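In: How does the following fold in three dimensions:
(2 chains)
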2 protein chains.
Amino acid sequence: MNEAAFIAALRTLATDPAARGLVDDAAVLGDLVLTHDMIVAGVHFLADDPPADVAWKLVAVNLSDLAAKGAEPVGCLLGAGLSGDAGWNAAFVDGLGAALAHFALPLLGGDTVAMPAGAPRSFGLTAIGRATVAPSRAGARAGDALYVTGTIGDAGLGLALLRAGRTQPAAPIAAYRRPVPRLADGRALAPHVSAMMDVSDGLLLDAARMAAASGLALTLALDAVPLSDVARAEGLAVGDAATAGDDYQLLFALAPDRAVPVAATRIGRFATGSGLALTDGGEPVPLPARLGYLHG
Amino acid sequence: MNEAAFIAALRTLATDPAARGLVDDAAVLGDLVLTHDMIVAGVHFLADDPPADVAWKLVAVNLSDLAAKGAEPVGCLLGAGLSGDAGWNAAFVDGLGAALAHFALPLLGGDTVAMPAGAPRSFGLTAIGRATVAPSRAGARAGDALYVTGTIGDAGLGLALLRAGRTQPAAPIAAYRRPVPRLADGRALAPHVSAMMDVSDGLLLDAARMAAASGLALTLALDAVPLSDVARAEGLAVGDAATAGDDYQLLFALAPDRAVPVAATRIGRFATGSGLALTDGGEPVPLPARLGYLHG
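Out: Next up, the predicted model:
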């Protein structure tokens, strides 16, 4: 039983309506939205990433799930699996304090464990938010347009730069190490969208998931995928951008005649049917072999 | 910075009243009680413990924190750090399903990660409950009596038996692998007690924590500590029982003239002052060097 089978088995256990079948980014319990994401050294962050950036990312990836539900952060619980490196731990706490202060996110509790020797550092965060409307990823309607906030592929580029031993340009490396959850965008969008999720595992993979959860087909225009100037200058191919992970942008479906209340780019359209299709310059192009980046 | 320093640093971040200064077993957010406990192979469970028992323990130790707040379980989020052992994972999910069904605890969400090769299995659970009254561990009053439910030291005895290669007697081994959270006791006690917590790190250590959190001195009668018949038959010393971990009984303070609404044993008394003192047969005895078992 690999992780996909494990998750499928968990899904059969998650029969409560608040679980939303585990297909959504978060659980919705009354007006509360709850999410729990883990990050593990060597899987979600590089072992030599600065500890303050690891703390930032832990907070940011969880808040991104709240953003996708249009939720206002209320608090968090930390699960910390520490190595014995005192300096690292101290820098992590400092960075955590700065991140929590930045997002005005109260630390409410949690657990700390000294991991056995040689085990990778591992952190979990449970983020709790409050939302009046919490859009699902499963609500897209035939005819809806698909939009994405910000630019795509910067974090993937940043990871590739770091792996190549580069420390510049700064913007994509910051996008990888210190993603910014789109909390204000999510709150502005939530009352209007028919479906919303964050882009964490690759634009194409996550867009395909929204289409599948909504029981629809989706055509996505590769040439419309927004790349940053830096990514273009570095020669990032749109196919690589759209299949890299860690974007933490918001992906949402909206009726095509509706005004978009935030800055976003229209990249596709839903229709009856199933499956993801790509176009480039209006012409169909094949799907890449890999739609995204699955963390383990 | 070791774990104690790390937790102390976290405490300075946890200024929200709902955090209760991180001294309590759980956060209290309106009528919701939230807790997050981790269990890690080689730290909280033995690598060869049956996977279904690991799943049970993960659920039970978190529900024990809800029990200590008199809370009714509402749901949980799972953070699973898996190894690549498919059979183990399948047995864990089966056991998790059985444990969740036993406690009627809905699985609402979470995250699954394939851990890097060689990393120990690691699980976190966030348990959410609802409580009308959520007693703190800090509310004991001078003159209150200290009580504990059930018997003490069985799980510690079970761990010692397993480490010695024994598989009998069954009861202490079950106490170690499949602790039973005192949910009904917690709900019955919550409206009456002045302080309550669960015993997870050793009776003496946890009792000393309740006294310190309440700003009081505590005298505890070692000869009153309840041992099971099996523990007595195995020759378990009360000093070992009272400093072993994993009891998951409820420890509570109650005015001495109040009726006790559950089966429990009176083992001590709070007074003005500070510190823990022990007696045996009415005579003072010295504290052991180690009051409990600190997981990492």
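
In: For the rest of this, base every contact and every neighbour count on C-alpha atoms.
Out: Noted.

In: what's the spacing between residue A:216 and chain B?
Out: 24 Å (Cα to the nearest Cα, to the nearest Å).

In: Does that residue touch residue A:269 like I think?
Out: No: counting by Cα atoms under 8 Å, residue A:216 stays clear of residue A:269, with 10.0 Å between them.

In: Now do the contacts for the residue lying closest to residue A:227 once chain neighbours are set aside.
Out: Once flanking residues are discounted, residue A:227 sits nearest to residue A:151: 5.0 Å by Cα to Cα, 6 or more residues apart in numbering or on different chains. Contacts for residue A:151 were tallied using Cα atoms under 8 Å, 6 or more residues apart in numbering or on different chains; they are A:225-228, A:249.

In: does residue A:151 count as helix, strand or coil?
Out: Following DSSP: H, G, I helix; E, B strand; the rest coil, residue A:151 is assigned to coil.

In: Quick check: it vs chain B, distance?
Out: Applying Cα to the nearest Cα to residue A:151 and chain B gives a distance of 26 Å.

In: rewinding a little: so can I have JSON lines of the contacts of residue A:151 showing distance to residue B:203?
Out: Below are those laid out as JSON lines (distance: Cα to Cα, whole Å):
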{"residue": "A:225", "distance to residue B:203": "60"}
{"residue": "A:226", "distance to residue B:203": "59"}
{"residue": "A:227", "distance to residue B:203": "59"}
{"residue": "A:228", "distance to residue B:203": "58"}
{"residue": "A:249", "distance to residue B:203": "49"}
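
In: Nearest to chain B among these?
Out: Comparing those against chain B with Cα to the nearest Cα places residue A:249 closest, at 19.1 Å.

In: What is the neighbour count of that closest one?
Out: Neighbour count for residue A:249, taken as other Cα atoms under 10 Å in any protein chain shown: 26.

In: My understanding was that it contacts residue A:150; is that so?
Out: Yes: between residue A:249 and residue A:150 there is a contact under Cα under 8 Å: 6.4 Å.

In: rewinding a little: just among the contacts of residue A:151, which is most surrounded?
Out: residue A:249 (26 neighbours).

In: residues contacting it?
Out: Contacts of residue A:249 (Cα under 8 Å, 6+ apart): A:64, A:148-152, A:181-182, A:198-200.

In: anything in stretch A:113-133 near chain B?
Out: Yes: contact of stretch A:113-133 with chain B (Cα under 8 Å from any Cα of the partner chain) involves A:113-116, A:118-120, A:124, A:126.

In: Neighbour count says what about the residues you listed? Which are buried?
Out: Buried members of these, scored by 16 or more other Cα atoms under 10 Å in any protein chain shown, are A:113-116, A:119-120, A:124, A:126.

In: Adding distance to residue B:29 and pLDDT, write those residues out as JSON lines.
Out: Rendered in JSON lines, the data for these read as follows (distance: Cα to Cα, whole Å; pLDDT from 0 to 100):
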{"residue": "A:113", "distance to residue B:29": "24", "pLDDT": "92"}
{"residue": "A:114", "distance to residue B:29": "28", "pLDDT": "91"}
{"residue": "A:115", "distance to residue B:29": "30", "pLDDT": "91"}
{"residue": "A:116", "distance to residue B:29": "33", "pLDDT": "90"}
{"residue": "A:119", "distance to residue B:29": "34", "pLDDT": "91"}
{"residue": "A:120", "distance to residue B:29": "32", "pLDDT": "92"}
{"residue": "A:124", "distance to residue B:29": "20", "pLDDT": "97"}
{"residue": "A:126", "distance to residue B:29": "14", "pLDDT": "98"}
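
In: can you tell me which two in those residues are farthest apart?
Out: A:116 and A:126 (23.1 Å; Cα to Cα).

In: State the helix or strand in which the nearest residue to residue A:221 once chain neighbours are set aside lies.
Out: Spatially, and ignoring its direct neighbours in sequence, residue A:221 is nearest to residue A:279 (4.8 Å; Cα to Cα, 6+ apart). Taking DSSP states H and E as the definition, residue A:279 sits inside strand A:275-280.

In: partners of the helix or strand following that strand in the sheet?
Out: Following strand A:275-280 in sequence order, the next helix or strand is strand A:283-285 (DSSP H and E). Its sheet considered, strand A:283-285 pairs with strand A:275-280 (antiparallel) by DSSP bridges.

In: that older thread, which one among the buried ones among the residues of stretch A:113-133 next to chain B gets closest to residue A:30?
Out: Distances from residue A:30 to those, taken by Cα to Cα, are shortest for residue A:126, at 16.9 Å.

In: quick one, strands of the stretch 151-296 of chain A?
Out: A:195-199, A:217-221, A:249-254, A:265-271, A:275-280, A:283-285 (DSSP state E, counting those that start in this stretch).

In: just those: most buried one?
Out: strand A:195-199 (a mean of 29; mean count of other Cα atoms under 10 Å in any protein chain shown).

In: Describe which strands that one pairs with in its sheet and in which direction.
Out: Sheet partners by DSSP bridges: for strand A:195-199, these are strand A:249-254 (antiparallel).

In: May I have the strand it pairs with as CSV, with CA atoms only?
Out: Taking C-alpha atoms only, strand A:249-254 is exported to CSV below (Å, rounded to 0.1, in the frame of the first residue of the first chain):
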residue,chain,number,x,y,z
GLN,A,249,-1.6,30.5,-5.9
LEU,A,250,-5.4,30.3,-6.0
LEU,A,251,-7.1,28.4,-8.8
PHE,A,252,-10.8,29.2,-9.1
ALA,A,253,-13.8,28.7,-11.4
LEU,A,254,-16.1,31.6,-12.1
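
In: Return the angle between stretch directions for it and strand A:265-271.
Out: 50 degrees (axes from the mean of the first three to the mean of the last three Cα atoms, to 10 degrees).

In: and stretch A:156-172, how far from the chain's centre?
Out: Remark: stretch A:156-172 is offset 19 Å from the chain centroid, using Cα atoms, centre = their mean, to the nearest Å.

In: Tabulate the CA atom coordinates of it in CSV.
Out: Extracted as CSV, the C-alpha positions of stretch A:156-172 are listed here (Å, rounded to 0.1, in the frame of the first residue of the first chain):
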residue,chain,number,x,y,z
GLY,A,156,9.8,25.4,-9.1
LEU,A,157,12.4,27.6,-10.8
GLY,A,158,13.7,28.6,-7.4
LEU,A,159,14.1,24.9,-6.4
ALA,A,160,15.9,24.2,-9.6
LEU,A,161,18.3,27.1,-9.1
LEU,A,162,19.1,25.9,-5.5
ARG,A,163,19.7,22.4,-6.7
ALA,A,164,22.1,23.8,-9.3
GLY,A,165,24.0,25.7,-6.5
ARG,A,166,22.7,29.1,-7.5
THR,A,167,21.5,31.8,-5.1
GLN,A,168,20.3,34.3,-7.7
PRO,A,169,17.9,35.6,-8.9
ALA,A,170,16.4,36.2,-5.5
ALA,A,171,12.7,36.2,-6.4
PRO,A,172,12.2,32.6,-7.5
